[in-house]
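In: this one's sequence-less:
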């Protein structure tokens, strides 16, 4: 295969379509009982659907479920803290969108699993908040304090120069990390932000079209490429993967193209250069979901939200293990730590994506809603993530994942 064809094949993996296609190929292997580590029991999917539907009704009795995005974590104790903060500024619609992009990008990149021992003591409420919600409040506070800004007179922004020079001590202080309050993967998170600063600096023509180079410059890229004030959700992801994939740690590359959250599995076969490769792009899709609302507030329509996939992370994946939809061939594997690139974890994550598609139709039927009003983004929020967490705490005192994954802070 020549270089151009190989590069085209590599770029084809940087899409939600590739994630879905290969996840369902893994699912097909599972339905034939041919996988290395997991068996699938689809009869148990009804149990999972009942739990998700009940969880959704409890949290959203009117079934007016918002999208699963980072913005939900900034809504704390009945207050939308981002809206309150943004409301103090005299921004144009474009300036507000760039600032929201800045915050969402940095906050999502810092949102990999926190571990079970870390918590953030919120300065507004005094409450100790762990996991994703705590990470969100910590990053919002750092953003408000100008930690990511290069301009002391303009703190509510993220500048490439500030990210490049970000120190480990600054991040440790912002996350309140100590021996008694350890956060998993802090080095991985810091390196992600530094690489983001490097990429944005090196591509100032892209990220600095209307301002100094900043991650929020992605808003201008998307706006410039829109057609009739419309930006389909899969396009958001494709642009994110096209521009931000170089920030991820060195993993798989093909024809010089870094593939990000993409891994190998020996049974996933194709007749080309992408043989064995399984793209998942969890944090990038989480970010794509989180950029929809800033775009809508700026006046853009975002169709085809279901063109994105469910998220291959441990709450959604844990839901399927804890309800018995997925069982390990070797139960002893549940007591061992697994590298994120291991065949077992790649299997689990890909099956999670495919099973979320299967689950969606069952939950919609139970709730009597259609896909147009209840896309995957609502299923996740309503939803699978909360149900997965709730069930985890019922089964394990620390609410940990049923599959123990060694995280470097850059996957989930």
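Out: Received it, and whenever you're ready, just let me know what you need. Treat the numbers as computed from the prediction; the structure is a model and nothing was measured.
In: quick one: residue 52 and residue 378 touch, right?
Out: No. Taking contacts as C-beta atoms under 8 Å, residue 52 lies outside contact range of residue 378: 11.0 Å. Every C-beta, even on glycine, is put in place using the N, C-alpha and C of the backbone.
In: OK, contacts around residue 274?
Out: Counting by C-beta atoms under 8 Å, 6 or more residues apart in numbering, residue 274 makes contact with 9, 10, 12, 13, 254.
In: What subset of these is buried?
Out: With burial judged by 16 or more other C-beta atoms under 10 Å, the buried subset of the contacts of residue 274 is 9, 10, 13, 254.
In: Put together JSON lines for the contacts of residue 274, with secondary structure and distance to residue 364 on each row.
Out: Below are the contacts of residue 274 laid out as JSON lines (DSSP: H, G, I helix; E, B strand; the rest coil; distance: C-beta to C-beta, whole Å):
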{"residue": "9", "secondary structure": "helix", "distance to residue 364": "35"}
{"residue": "10", "secondary structure": "helix", "distance to residue 364": "35"}
{"residue": "12", "secondary structure": "helix", "distance to residue 364": "30"}
{"residue": "13", "secondary structure": "coil", "distance to residue 364": "29"}
{"residue": "254", "secondary structure": "strand", "distance to residue 364": "37"}
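In: Show me the two of those that sit farthest apart.
Out: The most widely separated members of these, counting by C-beta to C-beta, are 12 and 254 (9.9 Å).
In: if you skip the residues just before and after it, what's nearest to residue 109?
Out: Counting by C-beta to C-beta, 6 or more residues apart in numbering, residue 192 is the residue found nearest to residue 109 once chain neighbours are left out, at 5.0 Å.
In: Which parts of the stretch 151-300 of the chain are helices?
Out: Remark: helices assigned in the stretch 151-300 of the chain by DSSP state H, counting those that start in this stretch are 160-164, 168-174, 186-202, 204-207, 218-225, 233-244, 282-297.
In: what sits up against the fourth one?
Out: Counting by C-beta under 8 Å, 6+ apart, helix 204-207 makes contact with 160, 200, 213, 214, 215, 217, 218, 221, 243, all of which sit outside it.
In: farthest pair in these?
Out: 160 and 221 (14.8 Å).
In: more crowded one of the two?
Out: Shown here are residue 160 and residue 221; by other C-beta atoms under 10 Å, residue 160 has more neighbours (25 against 16).
In: tell me the contacts of the more buried one?
Out: 196, 197, 198, 200, 201, 204, 207, 212, 213, 214, 215.
In: thinking again about what came up before, looking at the residue nearest to residue 109 now. What's its pLDDT?
Out: For residue 192, the pLDDT comes out at 87.
In: and the gap between it and residue 103?
Out: Distance, residue 192 to residue 103, by C-beta to C-beta, to the nearest Å: 15 Å.
In: So these two - more neighbours on which side?
Out: A direct count of neighbours by other C-beta under 10 Å for residue 192 and residue 103 places residue 103 higher, at 30 against 24.
In: Report how many residues lie close to residue 334.
Out: The number of residues packed near residue 334 is 14, by other C-beta under 10 Å.
In: go on, residue 143?
Out: Counted by other C-beta under 10 Å, the residues lying close to residue 143 total 23.
In: same thing with residue 64?
Out: Here the count is done by other C-beta under 10 Å, and residue 64 has 8 residues near it.
In: do the same with the one 10 residues further on
Out: Counted with other C-beta under 10 Å, the burial measure for residue 74 works out to 22 neighbours.
In: I'd assumed residue 82 was in contact with it.
Out: Yes. Counting by C-beta under 8 Å, residue 74 does reach residue 82; the two are 4.3 Å apart.
In: Residues that sit against both of these two, list them.
Out: Residues touching both residue 74 and residue 82 (C-beta under 8 Å, 6+ apart): residue 140.
In: Pretty sure residue 149 sits in a helix.
Out: No. Assessed with DSSP: H, G, I helix; E, B strand; the rest coil, residue 149 is coil; it does not lie in a helix.
In: so who does it touch?
Out: Residue 149 makes contact with 155, 156, 157, 158, 159, 162, according to C-beta under 8 Å, 6+ apart.
In: secondary structure element for the closest residue to the first one other than its chain neighbours?
Out: Here the nearest residue to residue 155 in space, its sequence neighbours aside, is residue 146; by C-beta to C-beta, 6+ apart that works out to 2.9 Å. Element membership for residue 146, per DSSP states H and E: none, as it lies in no helix or strand.
In: and residue 146, what does it touch?
Out: Residues near residue 146 by C-beta under 8 Å, 6+ apart: 152, 154, 155, 156.
In: follow-up on the earlier one: Serialize the helices of the stretch 151-300 of the chain to CSV and add fields for distance to residue 108.
Out: Shown next, in CSV, are the helices of the stretch 151-300 of the chain (distance: least, C-beta to C-beta, whole Å):
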stretch, distance to residue 108
helix 160-164, 14
helix 168-174, 15
helix 186-202, 10
helix 204-207, 17
helix 218-225, 12
helix 233-244, 10
helix 282-297, 4
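In: With respect to residue 117, which of the ones you listed lies nearest?
Out: Residue 117 lies closest to helix 186-202 among the helices of the stretch 151-300 of the chain, at 12.9 Å (C-beta to C-beta).
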